[in-house]
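K.L.:
Pasting the sequence and the predicted coordinates here, then a few questions.
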Amino acid sequence: MGKTDDHVSLEFRTTPDALIDPVPAFRFKTWTVRTVARLPVPKTPFGLDLTGTEATDADMKGLEMLESLSALDLAFTTLTDVGLKNLSGLKCLTVLNLFATKVTDVGLKELASLNSLRTLDLRVLDITDVGLKELAGMRSLQCLDLADTRVTDTGVKELKQALPNCWIRD
């Protein structure tokens, strides 16, 4: 772990499935709309961990300036489908954690433009087979977690056929 204060720490993290190399990651304990404007803009890949913060859909708009952002953890935030629209410009994003957010089938359509995405965590979302169809074209996906969602065995089977190189947990 790197430097720490009351609001942010700098860590080196990797995904549990080790699909990406460790990258420096900023982990926030608190979050305000002004936080993004104060972030340094690294030129090398880095991660941003907003788990459990009060990050909102509006805050996601400011992330588009972070062109080297490769990992984004939004677990346990109030993010909705509206906020996902603002992530479409993150072309270097390889890891996205949406665990226990307010994202639905409608929002999954917004993920289709993330061509570099390799790991996607959708656990505990109100998503169904309808939303899975939006993910079928994401050929770069290598790891997808669908645990505790409303997807069916049939929907998962169809997605596995569309994405044969992706490990899917349901």
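P.N.:
Received the coordinates, thanks.
K.L.:
Centroid-nearest residue for this protein?
P.N.:
Centroid-nearest residue in the chain, with Cα atoms, centre = their mean: L96, separated by 1.9 Å.
K.L.:
Okay, and it sits in which element?
P.N.:
In the assignment (DSSP states H and E), L96 maps to strand 95-97.
K.L.:
Would you pull up how far that strand lies from the middle of the chain?
P.N.:
A distance of 3 Å separates the C-alpha centroid of strand 95-97 from that of its chain, computed with Cα atoms, centre = their mean, to the nearest Å.
K.L.:
can you tell me how far the residue nearest to the centre of the chain sits from D126?
P.N.:
Between L96 and D126 the computed distance is 17 Å (Cβ to Cβ, to the nearest Å). (Glycine included, C-beta is placed from N, CA and C.)
K.L.:
swap in L39?
P.N.:
Taking Cβ to Cβ as the measure, L39 falls 31 Å from D126.
K.L.:
Give me the more crowded residue out of those two.
P.N.:
L39 (17 against 12; other Cβ atoms under 10 Å).
K.L.:
can you tell me which residues contact the more buried one?
P.N.:
By Cβ atoms under 8 Å, 6 or more residues apart in numbering, the contact set of L39 is F26, L66.
K.L.:
Which pLDDT value does the model give it?
P.N.:
At L39, the model reports a pLDDT of 70.
K.L.:
Check H7 too.
P.N.:
H7 is given a pLDDT of 46.
K.L.:
same deal with E11?
P.N.:
On the pLDDT scale, E11 gets 47.
K.L.:
Helices of this protein, start to end?
P.N.:
Per DSSP state H, the chain carries helices over the ranges 35-38, 57-61, 81-84, 105-108, 129-135, 153-162.
K.L.:
Please spell out which residues along the fifth one are buried.
P.N.:
Neighbour-count burial for helix 129-135, with 16 or more other Cβ atoms under 10 Å as criterion, is recorded at D129, G131, L132, K133, E134, L135.
K.L.:
Equivalent analysis for the last one, please.
P.N.:
Within helix 153-162, the residues that qualify as buried are G155, V156, L159, A162, counting by 16+ other Cβ under 10 Å.
K.L.:
Over to the fourth one?
P.N.:
Of the residues in helix 105-108, those with enough neighbours to count as buried (16+ other Cβ under 10 Å) are D105, G107, L108.
K.L.:
Tell me how far the second one lies from L144.
P.N.:
Using Cβ to Cβ, one gets 15 Å for the distance from G107 to L144.
K.L.:
follow-up on the earlier one: quick check: of the buried residues of helix 153-162, which lies closest to L72?
P.N.:
Taking Cβ to Cβ as the measure, L72 lies nearest L159 of the buried residues of helix 153-162, at 22.2 Å.
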